[in-house]
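my questions are about this predicted structure, shown below with the sequence.
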Amino acid sequence: RPSALCIDKARNILYAADACNHRIALYDFDGNLKGYFGKVGTGIGELRYPYDLDILDDGTLVVCENGNNRIQLFSPAGQSVGIYGKAGRQPGELAYPWGVAADKNGNLYVVDSGNNKVQVWQL
């Protein structure tokens, strides 16, 4: 079930969050599948229900993982380069995050649906 799209214009890649298959698909701008990264799990580089995506200016892909209650960052090559958050109700913790957006100042805006709020994180 595709849940989000994100375009990397610099690399001519369309990323699609494939939520129920726990992976990210990569396409070229002609619609040709170029590959996948991620698999189901809780470890580094693994995903559980990636619901939303955004991209930073340097090409880092931001993945909002509903099932792992975290945000995970990936290099353009699909390597995990950072994990933010964990399950919980305190600041910096997430309960079923639903969406993410990044701004030009290094802030992430995370829709923390289980906690009924939007959290702002500085990268």
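Perfect, thanks for sending it.

quick check: the residue nearest to the spatial centre of the chain vs residue 46, distance?
Taking C-alpha atoms, centre = their mean as the criterion, residue 63 is the residue nearest the geometric centre of the chain, at 0.5 Å. Here residue 63 is placed at a distance of 11 Å from residue 46 (C-beta to C-beta, to the nearest Å). In short, each C-beta sits where N, CA and C put it, glycine included.

tell me the contacts of the residue nearest to the centre of the chain?
17, 24, 38, 47, 50, 52-53, 71-74, 100 (C-beta atoms under 8 Å, 6 or more residues apart in numbering).

tell me how many other residues surround residue 74.
Neighbours of residue 74 under the rule other C-beta atoms under 10 Å: 23.

report the beta-bridge partners for it.
residue 61, residue 80 (DSSP bridges).

picking that back up, quick check: pLDDT value at the residue nearest to the centre of the chain.
According to the prediction, residue 63 has pLDDT 98.

common neighbours of residue 63 and residue 46, please.
Going by C-beta under 8 Å, 6+ apart, residues that sit against residue 63 and also against residue 46 are residue 38.

in this protein, which spans are helices?
Taking DSSP state H as the test, none of the chain falls into helices.

hang on, the earlier thing: the contacts of residue 63: which two are farthest apart?
Spatially, the most separated pair among the contacts of residue 63 is 38 and 100, at 15.7 Å (C-beta to C-beta).

now the residue lying farthest from the centre of the chain. Its backbone dihedrals?
Centroid-distance maximum for the chain: residue 30 at 23.1 Å, with C-alpha atoms, centre = their mean. Backbone torsions of residue 30, given as degrees, to the nearest 10, read phi -90, psi 0.

same thing with residue 76?
Residue 76 adopts backbone torsions of phi -60, psi -20, taken as degrees, to the nearest 10.

per-residue confidence for it?
Looking at residue 76, its pLDDT stands at 91.

with residue 2 as the reference, measure out to the nearest residue to residue 106 once chain neighbours are set aside.
Leaving out its chain neighbours, the residue that sits closest to residue 106 by C-beta to C-beta, 6 or more residues apart in numbering is residue 123, at 4.5 Å. In this view, residue 123 and residue 2 are 26 Å apart by C-beta to C-beta.
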